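J.: the sequence isn't on hand, but the structure is:
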């Protein structure tokens, strides 16, 4: 049995996704992922960040049964990519490695911000910048000697150009039209009233909700739908594209041949956003080659695990972005 | 005893302010306010808006003891100016008039949005526009035949140019500097870290709070303090001034000789805001005469009560702005 077995995890808002595999081939098969499992239950976060007990309670049974099914007897390397690790991961750092060593005999544990697994999934271990844009927005880049991040500050302090940002700007333009203020859009007002009912009731539909960013982001596709005929909507999407390029430019290496990719649900907005986005990225990052994402955050987690297991990780470590720890053998 | 006794109320975020007086002179004194009382307990709001029971529980004892002290035996007219009446006042309209008739023998009750009492306090019963700007922002105007309002949609959907808006824009500029994004301000970043600690901790200082708009607005004075030397801060205040002028222009009568006034805590920002505000108002409203506010919302409530009691109210009624009801004599 090789010592190259790995467990790669992506923990996000829709639950836990787990892959077991080996980093080198052995008698039972070639290198690579061997089995995959999904739990639809998102890991709880509390005041200390992601709840290590809740994560382990789901992860350990999934890992054990996958290891048994796939014949990967020992999981030496574990990589956990998790939403919010950058600001919320202290409990995880304190408790997860020891528990994984005790329960599974793990030797190397890496915790990665979801923006880092998105980066590695999109570009692999190459220099460049990745903008992950959905309800929120964060950009991550590296020149292979250190990580940089930009934005990701949430819907009140930043996430400029995100789905929540676009939707909020669209609703503001709708209410400007309602009031007769400058900068209003009658088409966006009509869409807003179709989606949320009479304008007077809009505050009551937004403020009492605990998922306000998602409510705002739900209006972003309506802004895209209006952009062909409405200059106000088109201007909002152009500004969003400019903000996304600002974030990419802040993290992208200046030299070399960096790649730049955009990932996440906001790509579904289609041409009304993607055409100005392509133009703004080309203008701000003439040195970078625009590419499509090769894979998703779980693919990034698998790639990190494979490189760690074979001692070939070339990406930089960093307490808040990609934190790697080796454990004494038990 | 005259039948011109009145009770004028201003119910706001810092509590209840109450005046008892008479609209015409009598044996015991000249017309006008005779006594005043303040309760530091803000009236509760629930899902049906302002809680009528909680308001009456405070108001009735204050009114009775003021009436006794001042010799105003019968309170025929009551005006209640209340925050959020425009969108939150259904319970108040349903229950307050009957209760005041039963308990105090009141004959005429008016409910006014706080923006209307601010208007009347500032301009009296004249045509024009008033921008009430504090943590939030709303503009109210009238040509004396109908009321118009603009903005007041809250910190996510509008309140453009308000304290929360300025503070939010300032914190965004601070974090842009932190990330190395375009549009950042190093002086605002330094101020933000003085106020809230290291930038990384800012989301944790803002999002868990239930008074997020007030937290954002607390940073607005720092933006004003930076504006003399920092072009980013100056640009934020210029944009705020433009938004305030947009709202004023949307509600100000086009003809006649309208007056325009700005009221509220945002005036304390001083010249860094007031100079561009004067320029933007002059540009957008060349027909309007800029004036200082004559009085505050409680003065507006007193003026409405006096005019109602003497049958000389010239301002328009409107279900959501200034709602007047007469009760059968008991």
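T.: Thanks, I have the structure now. Worth saying up front: this structure is predicted, and the values here are computed from it rather than measured.
J.: buried residues, the longest helix along chain A. List them.
T.: Secondary structure of chain A per DSSP state H: the longest helix is helix A:231-251. Applying a neighbour-count criterion of 16 or more other CB atoms under 10 Å in any protein chain shown, one finds A:232-251 buried in helix A:231-251. Glycine gets a C-beta too; all of them are placed from N, C-alpha and C.
J.: got it, and stretch A:189-205?
T.: A:189, A:191, A:192, A:193, A:195, A:196, A:199, A:202, A:203.
J.: keep those, but drop any that are not near chain B.
T.: Counting by CB under 8 Å from any CB of the partner chain, A:202, A:203 from these sit close to chain B.
J.: what's the burial count for the spatially closest residue to residue A:234 that is not a sequence neighbour?
T.: Of all residues not flanking residue A:234 in the chain, residue A:227 sits nearest, at 4.5 Å (CB to CB, 6 or more residues apart in numbering or on different chains). For residue A:227, the count of nearby residues is 25 (other CB atoms under 10 Å in any protein chain shown).
J.: so residue A:227 is in contact with residue A:237, correct?
T.: Yes. Contact status for residue A:227 versus residue A:237: in contact at 5.4 Å, counting by CB atoms under 8 Å.
J.: for the residue nearest to residue A:234, what are its contacts?
T.: Residue A:227 makes contact with A:233, A:234, A:236, A:237, A:272 under the criterion CB atoms under 8 Å, 6 or more residues apart in numbering or on different chains.
J.: now those residues in JSON lines, with pLDDT?
T.: Formatted as JSON lines, the contacts of residue A:227 follow (pLDDT from 0 to 100):
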{"residue": "A:233", "pLDDT": "98"}
{"residue": "A:234", "pLDDT": "98"}
{"residue": "A:236", "pLDDT": "98"}
{"residue": "A:237", "pLDDT": "98"}
{"residue": "A:272", "pLDDT": "97"}
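J.: farthest-separated two in those?
T.: A:236 and A:272 (9.8 Å; CB to CB).
J.: follow-up on the earlier one: ok, so of the contacts of residue A:227, who is nearest residue B:128?
T.: residue A:236 (32.6 Å).
J.: wait, the closest one sits on residue A:171?
T.: No. Here residue A:236 does not reach residue A:171: they are 10.5 Å apart, not a contact under CB under 8 Å.
J.: sorry, back to before: can you pick out the most distant pair from the buried residues of stretch A:189-205?
T.: The most widely separated members of those are A:191 and A:203, with 17.4 Å between them, by CB to CB.
J.: need the helix or strand of chain A with the lowest average pLDDT.
T.: helix A:85-88 (a mean of 55; mean pLDDT, DSSP states H and E).
J.: what residues does the stretch 151-300 of chain A have near chain B?
T.: Residues of the stretch 151-300 of chain A lying near chain B (CB under 8 Å from any CB): A:151, A:153-158, A:160, A:168, A:171-172, A:175-176, A:179-183, A:200, A:202-204, A:206-207, A:212, A:216, A:246-247, A:249-251.
J.: need the buried ones from those residues selected in ChimeraX.
T.: A single ChimeraX command selects the buried members of these (16+ other CB under 10 Å):
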select /A:151,153,154,155,156,157,158,160,168,171,172,175,176,179,181,202,203,206,212,216,246,247,249,250,251
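J.: joint contacts of residue A:236 and residue A:272?
T.: A:223, A:227.
J.: what sits against residue A:245?
T.: Here residue A:245 is in contact with A:277, A:280, A:281, A:283, A:284, A:285 (CB under 8 Å, 6+ apart).
J.: ok, of those residues, which come out buried?
T.: For those, buried by 16+ other CB under 10 Å: A:277, A:280, A:281, A:284, A:285.
J.: pull the most distant pair out of the residues you listed.
T.: Greatest spacing in these, by CB to CB: A:277 and A:285 (11.6 Å).
J.: mind checking which of the residues of the stretch 151-300 of chain A next to chain B are in strands?
T.: Secondary structure from DSSP state E places residue A:151 of those in strands.
J.: of the residues of the stretch 151-300 of chain A next to chain B, which belong to helices?
T.: Those of these lying in helices (DSSP H): A:168, A:171-172, A:175-176, A:179, A:202-204, A:206, A:212, A:216, A:246-247, A:249-251.
J.: could you single out the nearest of the buried residues of stretch A:189-205 to residue B:8?
T.: Among these, residue A:203 lies closest to residue B:8 (CB to CB), at 27.8 Å.
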